[in-house]
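Engineer: sharing a model prediction with you, sequence too.
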Amino acid sequence: MRVIVTLFCLFQFFGCASTNTDEQYKKIIDISNSNQKNELKEYWLPLMTVKPKYPHREMRKKQSRCLDIVFSIDSSGKASSYYVRNSDVNDDFVKNSARALTKWKWQASKTNPNKLSVITSTRVNFSVSQAPRVDILGECSES
């Protein structure tokens, strides 16, 4: 039994000692404020954005909504880790926007050769009078 406990402790010690701390603590740039709208293109350029589907129930009720979504772009150019500043997470508008956001792809710009991750934001405007509009770092406006 002592041998097993000793081996377990050794594995824990050497396993933790060999962890690359540089990989764990990569720099993440926060450009999620609206006054930083133009800085995103210095790091990432959109390859593919997918518009979210208008929720059927809200369409029938003729409800409109503008979401302010903050998300990260990781080093592989995928959108992840989102939160919504101005809405409930269980909202159907949020669910559909999040589903679309997971399909977005980004390409590192020439000024970001190390593919640094960023935190940015986007506005998704659902309006009964028009299709959902995605405006990266834009403003929510009443239609």
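Structural biologist: Thanks, I have the structure now. Numbering: from 1, shown residues only.
Engineer: just give me the residue right at the centre of the chain.
Structural biologist: What sits nearest the mean C-alpha location of the chain, by C-alpha atoms, centre = their mean, is Phe71, with 2.5 Å.
Engineer: secondary structure element holding the residue lying closest to that residue once chain neighbours are set aside?
Structural biologist: The spatial neighbour of Phe71 that comes closest, neighbours along the chain excluded (C-beta to C-beta, 6 or more residues apart in numbering), is Tyr82 at 3.9 Å. Using the backbone N, CA and C atoms, a C-beta is placed for each residue, glycine as well. Following DSSP states H and E, the helix or strand that holds Tyr82 is strand 79-84.
Engineer: can you list the buried residues in that strand?
Structural biologist: Within strand 79-84, the residues that qualify as buried by neighbour count (16 or more other C-beta atoms under 10 Å) are 79, 82, 84.
Engineer: what's the closest of the residues you listed to Leu67?
Structural biologist: Within the set of these, Val84 lies nearest Leu67; the separation is 5.6 Å, counting by C-beta to C-beta.
Engineer: kindly reformat the buried residues of strand 79-84 as TSV containing pLDDT and distance to Ile31.
Structural biologist: What follows is those, written out as TSV (pLDDT from 0 to 100; distance: C-beta to C-beta, whole Å):
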residue	pLDDT	distance to Ile31
Ala79	93	14
Tyr82	92	15
Val84	90	18
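Engineer: would you format those residues as JSON lines with distance to Asn33 included?
Structural biologist: Written out in JSON lines, the entries for the buried residues of strand 79-84 read as follows (distance: C-beta to C-beta, whole Å):
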{"residue": "Ala79", "distance to Asn33": "18"}
{"residue": "Tyr82", "distance to Asn33": "16"}
{"residue": "Val84", "distance to Asn33": "16"}
